[in-house]
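Trainee: Could you work out the structure for the sequence below:
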Amino acid sequence: MKTRSPVKKLAAVALAASALVGCSVSAPSATKQPLVAPPSVELSVPSYQVLVDEKSEHKKMMSEFLAKLALSDAQKTQLKGVVKDALARGKSMMDEIKPLVTGQTVDKAALKSAMATMLKEDAAQDAKTMEAVRQVLTPDQRTLIADKLMEMSEKSTADDPHTKMYMKLMDKAGSQITMNETQKAAFAQMKSDFMAFWDANRVAYYKAMAKHMKDGKEHDLHFEFERLAEGWNTDSAVNFVASLDQSQRQAMVAWKEGLLAKIASKLQ
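Mentor: Below you'll find the model as predicted:
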């Protein structure tokens, strides 16, 4: 549901639910983001062009920003490698949680526990990914990105392009299956809870990444990502997953795996 990242960021979905619906690009992302994707990896430069709609306004904005960033061919190759590594880690985490989602029944306690563990792992992996991106960039490029992140932090939630992308990704994920009224209500609650989390924390995410782009303190970024993740209540995500029958859960997992494969193919 991601992307996000921030940006194709978006890719990322976190958690079990994410195992079903997100689209993330980093370890975080792939399985541990809330149906959507953790803002961290999504915001990383390499992910900018991975998941967004080719004709979207966001795509245009990202393309313009990347042009301004003026990455060299060598940097583009290095950044692709960073995203590929993050994607591989994310897939590995998704494979771990997959059995909890695709089995005959859903053990809600086990799923919630697994999601909590993955959120912690995600925080560390996302920080590593952001630091790997930072290492590829020149001081001037880091400043450009830090300034862009601060600019994004000053937008209202409604004007934040990532908000629109998250909503679009979640709706697309939800459209993969036919839901009854109870399931629709569970999906709506999960979506509402995640968007409330994003609304409350997006500025902190942007500022943390901007600060890291300038000072390179990966430990501080990790700590902040983990602190923010602790504020996301996964109950509604767990309840939504549990409301689905096995065939629905399998269909959503298959959709997400296809999405991750699509992202990987764009990194070749």
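Trainee: Next secondary structure element downstream of the helix ranked longest in the chain?
Mentor: Counting residues, the longest helix found in the chain (DSSP state H) is helix 181-215. Counting by DSSP states H and E, the next helix or strand C-terminal to helix 181-215 is helix 218-229.
Trainee: Which other helices and strands does that following helix contact?
Mentor: Judged by 3 or more C-beta pairs under 8 Å, 6 or more residues apart in numbering; DSSP states H and E, helix 218-229 is in contact with helix 108-136, helix 181-215. For glycine as for every other residue, the C-beta is placed from the backbone atoms N, C-alpha and C.
Trainee: Packed most tightly, which of those helices would that be?
Mentor: Stretch with highest mean neighbour count among these: helix 108-136 (a mean of 21; mean count of other C-beta atoms under 10 Å).
Trainee: Between helix 218-229 and that helix, find me the angle.
Mentor: 150 degrees (axes from the mean of the first three to the mean of the last three C-alpha atoms, to 10 degrees).
Trainee: could you say what helices and strands helix 108-136 packs with?
Mentor: Short answer (3+ C-beta pairs under 8 Å, 6+ apart): helix 108-136 packs on helix 15-21, helix 27-32, helix 39-43, helix 73-102, helix 181-215, helix 218-229, helix 235-243.
Trainee: pLDDT (mean, whole number) over that helix?
Mentor: Averaging pLDDT along helix 108-136 gives 90.
Trainee: Run the angle between that helix and helix 235-243 for me.
Mentor: 120 degrees.
Trainee: Show me what counts as buried in whichever helix or strand comes after helix 108-136.
Mentor: Where DSSP H and E defines the elements, the next helix or strand beyond helix 108-136 is helix 139-153. For helix 139-153, a neighbour-count test (16 or more other C-beta atoms under 10 Å) marks 141-142, 144-146, 148-150, 152-153 as buried.
Trainee: List just the nearest of the residues you listed to residue 118.
Mentor: residue 149 (24.6 Å; C-beta to C-beta).
Trainee: Quick check: residue 119 touching residue 231?
Mentor: No - assessed by C-beta atoms under 8 Å, residue 119 is found out of contact with residue 231, at 10.3 Å.
Trainee: Are there residues contacting both of these two? Which ones?
Mentor: When C-beta atoms under 8 Å, 6 or more residues apart in numbering defines a contact, no residue borders residue 119 and residue 231 alike.
Trainee: Show me the shaky parts of the stretch 51-200 of the chain.
Mentor: 51-59 (pLDDT under 70).
Trainee: thought residue 136 was touching residue 80?
Mentor: No - using C-beta under 8 Å, residue 136 is not in contact with residue 80, being 10.2 Å away.
Trainee: okay if I get the buried residues of helix 139-153 as JSON lines plus distance to residue 265?
Mentor: Output for the buried residues of helix 139-153, formatted as JSON lines (distance: C-beta to C-beta, whole Å):
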{"residue": "141", "distance to residue 265": "27"}
{"residue": "142", "distance to residue 265": "29"}
{"residue": "144", "distance to residue 265": "28"}
{"residue": "145", "distance to residue 265": "26"}
{"residue": "146", "distance to residue 265": "31"}
{"residue": "148", "distance to residue 265": "27"}
{"residue": "149", "distance to residue 265": "28"}
{"residue": "150", "distance to residue 265": "33"}
{"residue": "152", "distance to residue 265": "28"}
{"residue": "153", "distance to residue 265": "32"}
